[in-house]
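In: fold the following for me, if possible:
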Amino acid sequence: MNKLLLGLMMGVGMVGLGRGTAQAASSDTYKCTDSDGGYKFAALTTKGTVTVEVTGTGGGESSAPRPTTATDSCVGKKLKEYYCKTSTSKTISETLISCGYRQKCEYGACVDRN
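Out: Coordinates of the predicted model:
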């Protein structure tokens, strides 16, 4: 039982808990992409998904890609926008944004009020 728990804890430490917080060996490479173009005004009107893909040995793990994703969402009346700081970011960044005048947050994007 203790070996199983230790193995699970080690696995969580390598990939993170849905936040892209990978702890990796120097042979790993990172590719961060944002389907709505990143953290800029035009991107706020489109729901996007950020993916951090890690490839490499990961300290002895398989060399298969290990992606971590986060999708834009609404938190109350604000937009939780996920984005990459750089195209090689190891983590997914996030910020809460108030939508513009005559807009509301709906399904992970700022949309015009009807």
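
In: tell me where the protein has helices.
Out: Using DSSP state H, the helices of the chain run over residues 2-15.

In: how close does the residue nearest to residue 83 when sequence neighbours are not counted sit to residue 98?
Out: Distances taken as Cβ to Cβ, 6 or more residues apart in numbering put residue 39 closest to residue 83, at 3.8 Å, once the chain neighbours are dropped. All C-beta spots, glycine's among them, are computed from the backbone N, C-alpha and C. Distance, residue 39 to residue 98, by Cβ to Cβ, to the nearest Å: 14 Å.

In: so the two - more neighbours on which side?
Out: Taking other Cβ atoms under 10 Å, residue 39 and residue 98 do not tie; residue 39 has more neighbours (19 against 11).

In: how deep is residue 41 tucked in, by neighbour count?
Out: 9.

In: if you could redo that for residue 90, that was the one I meant.
Out: By other Cβ under 10 Å, neighbour count at residue 90 equals 18.
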